[in-house]
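In: Sequence first, predicted model second:
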Amino acid sequence: MLHLPPALRHRRFTLIWLGLIISQVGSQMQQWVLFWHISQLSRAPIAVSVVGGVRFVAVLAFSLVGGLVADRYDRRGILFLTQSISLLVALGLGILTLFHVIQLWHIYLLTAIQASAIAFDLPARQSLVPNLVPREDLPSAFSLQSIAFSTGAIAGPALSGIVIGYWGTAYAYLINAVSFLAVIFALLLMGKVPQQQSSSQKGLKAALADIRIGIHFIRHQPLILSSMILDFFATFFASANTLLPYFSQYVLHIGEVAYGWLAAAMSIGSVIVGLVISQFNNVRRQGLLLTGSVVVFGLATILFGVSRLYAVIFFALALAGAADSVSTIIRNTIRNLNTPDSLRGRMTGVNQIFFMGGPQLGEVEAGAAAQAFGVPFAIFSGGIGVILIVALIAVRWPVLLRYNGDEPSIASVLAD
């Protein structure tokens, strides 16, 4: 029997969670509209891969700085600024499209601006969660975050096909701009959130020293490092879902609405699993759960690549989303429980290079592979790569497999 998830007993977390659900609907709608829009401006699969390249450059350039900023400054204030920038980017895309003047370079430039904002947004948002709920409720909180993301990723892609088909691409961008107001209002209602700040020293030298401390911490935490490397390569090899517009149009020969539901399939699986995990506040055998879920993710990607039946592809994508949800929840729990609060922003900044850099570079690789060998090959070969990388990491870092979840954490030891 379902009950109220433990994390929702905390008002400030509930506010930001509700705001994120609304915002994610708009953001996910925009993402899949963007891929479709590019496919209309250019039939070359490599064109959509440029988006991944642009995002990766922004992530690489600003993630470490974004993590440091989240540790030094008010995380709530950072989120207010980054959400406002994302609102303006969506508004710009909508206006340019509405007046029929948008070109590929506009999309790439505005994507770079938004990706730069996200490089500061994510470390602040992830680091804020442990400030809003107690340690024992963190698995529930991260499960609910996964549900917020996945709920948006169900409704958003489904709406993308409907909005494109009935109103046009411009209105999808404009709707997304409005959706960011939900998070902005939640931040205003939340009030000040106490946090440990890493350093009072200013200047470039002190900033570089603080960044080095964060990198040094991660390098000497094999549990955190191995989970980051697993995340990077798994998402690198299995990023071919960005080819879905081309797969839908030129392999399955389906329209916008059917495409929208395929784009939502991963998140349907993710929400179901996230809802189940959100009911628990003590998840054990976390290492086996993490590696096993990534293997399932790879197998589902292979099934997606080799099938030509709409129902089978929908199931494969839903299964991939369910597995990815388990992986995401466990990874976030492991990293935040084993990182002191004063280092969480920098840890997330470094992690952002791995978990955002992997899929963005993977989009470039998938586009190039699709251009050379075809879209189906790019998809199923990526699934094979995911399974191989799990095996290699399990051999290299057996500590990840053995991790149970009830071991004393670095964060709690330092707090004591």
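Out: Thanks, I have it.
In: from the chain's centre, how far out does whichever strand or helix holds residue 60 sit?
Out: Using DSSP states H and E, residue 60 sits within helix 46-72. Relative to its chain's centre, helix 46-72 lies at 13 Å (Cα atoms, centre = their mean, to the nearest Å).
In: Show me what the next helix or strand after that helix is packed up against.
Out: Per DSSP H and E, the first helix or strand lying C-terminal to helix 46-72 is helix 75-98. On a contact count with 3 or more Cβ pairs under 8 Å, 6 or more residues apart in numbering; DSSP states H and E, helix 75-98 meets helix 11-41, helix 104-132, helix 169-190. All C-beta atoms are positioned from the backbone trio N, CA, C, and that covers glycine.
In: Mind doing that once more with 7 Å?
Out: Contacts defined by 3 or more Cβ pairs under 7 Å, 6 or more residues apart in numbering; DSSP states H and E place helix 75-98 against helix 104-132, helix 169-190.
In: Please identify which of those helices is closest to residue 244.
Out: helix 169-190 (16.1 Å; Cβ to Cβ).
In: for that closest one, which positions count as buried?
Out: For helix 169-190, the neighbour count (16 or more other Cβ atoms under 10 Å) marks 169-177, 179-184, 186-187, 190 as buried.
In: Tell me who's in contact with residue 32.
Out: Contacts for residue 32 were tallied using Cβ atoms under 7 Å, 6 or more residues apart in numbering; they are 156, 157, 160, 260, 263.
In: Switch those over to TSV; also include distance to residue 365 and secondary structure.
Out: Output for those, formatted as TSV (distance: Cβ to Cβ, whole Å; DSSP: H, G, I helix; E, B strand; the rest coil):
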residue	distance to residue 365	secondary structure
156	25	helix
157	23	helix
160	24	helix
260	25	helix
263	20	helix
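In: Give me the buried subset of those.
Out: Buried members of the contacts of residue 32, counted by 16+ other Cβ under 10 Å: 156, 157, 160, 260, 263.
In: Give me the nearest residue to the first one, chain neighbours excluded.
Out: Counting by Cβ to Cβ, 6 or more residues apart in numbering, the nearest residue to residue 156 once its immediate chain neighbours are dropped is residue 28, at 2.8 Å.
In: if we can go back for a sec, for the helix holding residue 60, which helices and strands make contact with it?
Out: Helices and strands touching helix 46-72, by 3+ Cβ pairs under 7 Å, 6+ apart, are helix 11-41, helix 104-132, helix 204-219, helix 344-373.
In: rerun at 10 Å
Out: The contact analysis (3 or more Cβ pairs under 10 Å, 6 or more residues apart in numbering; DSSP states H and E) places helix 46-72 against helix 11-41, helix 75-98, helix 104-132, helix 204-219, helix 244-247, helix 344-373.
In: just the CA coordinates of stretch 348-365, formatted as PDB?
Out: Written as PDB, here are the backbone C-alpha positions of stretch 348-365 (Å, rounded to 0.1, in the frame of the first residue of the first chain):
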ATOM      1  CA  THR A 348      28.300  17.700  -8.200                       C
ATOM      2  CA  GLY A 349      30.300  20.000 -10.500                       C
ATOM      3  CA  VAL A 350      32.800  17.300 -11.200                       C
ATOM      4  CA  ASN A 351      30.100  14.700 -11.500                       C
ATOM      5  CA  GLN A 352      28.300  17.000 -14.000                       C
ATOM      6  CA  ILE A 353      31.200  16.600 -16.400                       C
ATOM      7  CA  PHE A 354      30.700  12.900 -16.200                       C
ATOM      8  CA  PHE A 355      27.000  12.500 -16.300                       C
ATOM      9  CA  MET A 356      26.200  15.300 -18.700                       C
ATOM     10  CA  GLY A 357      29.400  15.100 -20.700                       C
ATOM     11  CA  GLY A 358      28.800  11.400 -21.400                       C
ATOM     12  CA  PRO A 359      25.400  11.800 -23.100                       C
ATOM     13  CA  GLN A 360      26.400  15.000 -24.900                       C
ATOM     14  CA  LEU A 361      29.600  13.400 -26.400                       C
ATOM     15  CA  GLY A 362      27.500  10.300 -26.900                       C
ATOM     16  CA  GLU A 363      25.100  12.300 -29.100                       C
ATOM     17  CA  VAL A 364      28.000  13.400 -31.300                       C
ATOM     18  CA  GLU A 365      29.200   9.800 -31.500                       C
END
